[in-house]
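Visitor: kindly return the folded structure for what I paste below:
(one chain, ligands or ions: 2)
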Amino acid sequence: MSSKDRAMSSFRTRLCSYVLLLLSCALVCALYLGTKEMALYSEEELLNASVLHPLFNTEEHFAAQYWNASLRQRERLDALTEAVHRTAAGLRAQLGGRGRRLGINAFLESAGLIGWLRHHRSQLPWDSDGDLGILAEECRSSGATKQDFARSLGDDFSVLKFACACEEDCEGDNRRMAGRVAHKKTGVCIDIFVYAPVAKQRHWQKTSKYSQIDWWERVDDHADFTFPKEALLPLQEERFVEQAIMIPANPREFLSWEYGRCLGAHVWPWRLLLYTDPSEALHLILTAKGAMLLLGTSGLNILPGFLLLGCTTAATLLLRKGLLLLSVLLLSLCESLALLLRPDWCSLRRMHLALVVVLWAVGLQALQGCIDQLWCQVDDFYFSPRRPKSWTLCLLGHCWDF
Ligand SMILES: *[C@@H]1O[C@H](CO)[C@@H](O)[C@H](O)[C@H]1NC(C)=O
Ligand SMILES: *[C@@H]1O[C@H](CO)[C@@H](O)[C@H](O)[C@H]1NC(C)=O
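Guide: Ligands and ions are numbered 1, 2, ... in the order given. Next comes the predicted model:
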């Protein structure tokens, strides 16, 4: 190689390395700017947040005429707890005077049941509405009407709709809710779903593997929630936020037919933001790695070392929890590549590389929960799904299964 070629090649690697460094710094910035309005880094912060916080799935989960948008999430959960217990009590209640005994056993389902299972017999911290299930048969034989139910619930609640099969406001997705109750003080809602033996067996339920099973379903459910009867019945009494409530016979099994087997918190946003902690060790390694960069620089090559150190420091100051972990892992990767291209930037690059390897080992360990959850979801979706999948095509209000 002529000296001119050598200079050219040196220029190219230098350029590449700088681009790499700047890109990785830009990534930290982007991560910070992209999440600073919405990141919640603990359950405490989450409970303190406004119900309008963008990470909550509030959508249409409230009754507009009663809605108080100044609530904090903590207050919404308290209201949901009160509403869910009062609604269950209302469906069970003995009416005064000449009223009828409703005698309907409502049970916890969907997100509320996930909260019970996963969050110490309590609400899902980011929940936005309440869900209860009832049995079609029990509802019909009780002869309960919307008026009976409203009387039994009292003045704090408004029954927006109720029947044993959807009768009001049944368009599209709303058909699956036979009942809806609003808490007047806050506007939070409890949806009531109806369960019954399957009206029409799915084609896969007729196969030999499944044909012996007594299949039940959530009536008119868009997501085609169908499950073995034993998962639901007999109902059992349990505690939910410190009060008695009915739940399915086998909550985990019951939920798995609706959501799949992976019932852990989703990686994004909750697991990364709330439940992934960079350890003390990680900070120590970052410090040592930074020291290597500074001690290893010489002469005019001081700029890259400072850039690298600056980006990592910015990440540790601006980001937290899983976001910090992901960003320092990525930064260290870019750093190592840059030093591979430009060995002259750091004379201690072997030590640096060794620290990067340790950093990844510690980092991956901290991300274990996320990795397990992702793997579980891939496995559940592609390799061993809970039930045969059917693709549903919906057009102009009609749906076809394939
Ligand atoms: C909760 O919010 C209040 C008022 O906005 C604030 O003073 C308090 O420090 C917050 N608490 C936490 C744990 O974020
Ligand atoms: C809405 O909720 C906030 C926070 O709890 C409360 O201070 C306020 O009085 C409520 N507004 C109404 C109209 O109830």
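Visitor: list the contacts for the nearest residue to L348 once chain neighbours are set aside?
Guide: Nearest non-adjacent residue to L348, counting by Cβ to Cβ, 6 or more residues apart in numbering: G296, 3.5 Å away. Quick note: C-beta positions are derived from backbone N, CA and C, even for glycine. By Cβ atoms under 8 Å, 6 or more residues apart in numbering, the contact set of G296 is G305, W345, C346, S347, L348, R349, M351, H352.
Visitor: pull out the buried residues from stretch 289-299.
Guide: Within stretch 289-299, the residues that count as buried by 16 or more other Cβ atoms under 10 Å are K289, G290, M292, L293, G296, T297.
Visitor: send me that stretch as PDB with only the CA atoms.
Guide: Below are the C-alpha coordinates for stretch 289-299, written out as PDB (Å, rounded to 0.1, in the frame of the first residue of the first chain):
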ATOM      1  CA  LYS A 289     -15.100   1.000  31.400                       C
ATOM      2  CA  GLY A 290     -15.100   4.800  31.300                       C
ATOM      3  CA  ALA A 291     -11.900   4.900  33.200                       C
ATOM      4  CA  MET A 292     -10.300   2.600  30.600                       C
ATOM      5  CA  LEU A 293     -11.300   4.900  27.900                       C
ATOM      6  CA  LEU A 294      -9.800   8.000  29.600                       C
ATOM      7  CA  LEU A 295      -6.600   6.300  30.800                       C
ATOM      8  CA  GLY A 296      -6.100   4.700  27.400                       C
ATOM      9  CA  THR A 297      -6.400   7.800  25.300                       C
ATOM     10  CA  SER A 298      -3.200   9.600  24.300                       C
ATOM     11  CA  GLY A 299      -2.200  12.800  22.600                       C
END
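Visitor: that stretch: how far from the chain's middle?
Guide: Chain-centre distance of stretch 289-299: 42 Å, with Cα atoms, centre = their mean, to the nearest Å.
Visitor: state the mean pLDDT of it.
Guide: Per-region confidence: stretch 289-299 scores 86 on mean pLDDT.
Visitor: stretch 231-249 now?
Guide: Throughout stretch 231-249, pLDDT has a mean value of 98.
Visitor: if we ignore the residues flanking it in sequence, what's nearest whichever residue of the stretch 201-350 of the chain sits closest to ligand 2?
Guide: Nearest to ligand 2, among the residues of the stretch 201-350 of the chain, is V241, at 18.6 Å (Cβ to the nearest ligand atom). Counting by Cβ to Cβ, 6+ apart, T81 is the residue found nearest to V241 once chain neighbours are left out, at 4.6 Å.
Visitor: what packs against the one helix or strand Y32 maps to?
Guide: Assigned by DSSP states H and E, Y32 belongs to helix 3-35. Using 3 or more Cβ pairs under 8 Å, 6 or more residues apart in numbering; DSSP states H and E, the elements in contact with helix 3-35 are helix 302-318, helix 321-341.
Visitor: list the buried residues for that helix?
Guide: Buried residues in helix 3-35, counting neighbours by 16+ other Cβ under 10 Å, are found at R14, S17, Y18, L20, L21, S24, C25, L27, V28, L31, Y32, T35.
Visitor: and the residues you listed, which is closest to W257?
Guide: Closest approach between those and W257, by Cβ to Cβ: T35, at 34.0 Å.
Visitor: ok, the closest one - contacts?
Guide: With Cβ under 8 Å, 6+ apart, T35 has these contacts: L319, L323.
Visitor: I302 versus the residue nearest to G290 when sequence neighbours are not counted, what's the distance?
Guide: In space, and not counting its chain neighbours, G290 is closest to L309: 4.8 Å by Cβ to Cβ, 6+ apart. Distance of L309 to I302, given as Cβ to Cβ, to the nearest Å: 11 Å.
Visitor: between the two, tell me which one has more neighbours.
Guide: Taking neighbours as other Cβ atoms under 10 Å, L309 and I302 compare with L309 leading, 19 against 12.
Visitor: list the contacts for the more buried one?
Guide: G290, L293, L294.
Visitor: can you redo those as a markdown table with secondary structure and distance to G103?
Guide: Output for the contacts of L309, formatted as a markdown table (DSSP: H, G, I helix; E, B strand; the rest coil; distance: Cβ to Cβ, whole Å):
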| residue | secondary structure | distance to G103 |
| --- | --- | --- |
| G290 | helix | 68 |
| L293 | helix | 72 |
| L294 | helix | 75 |
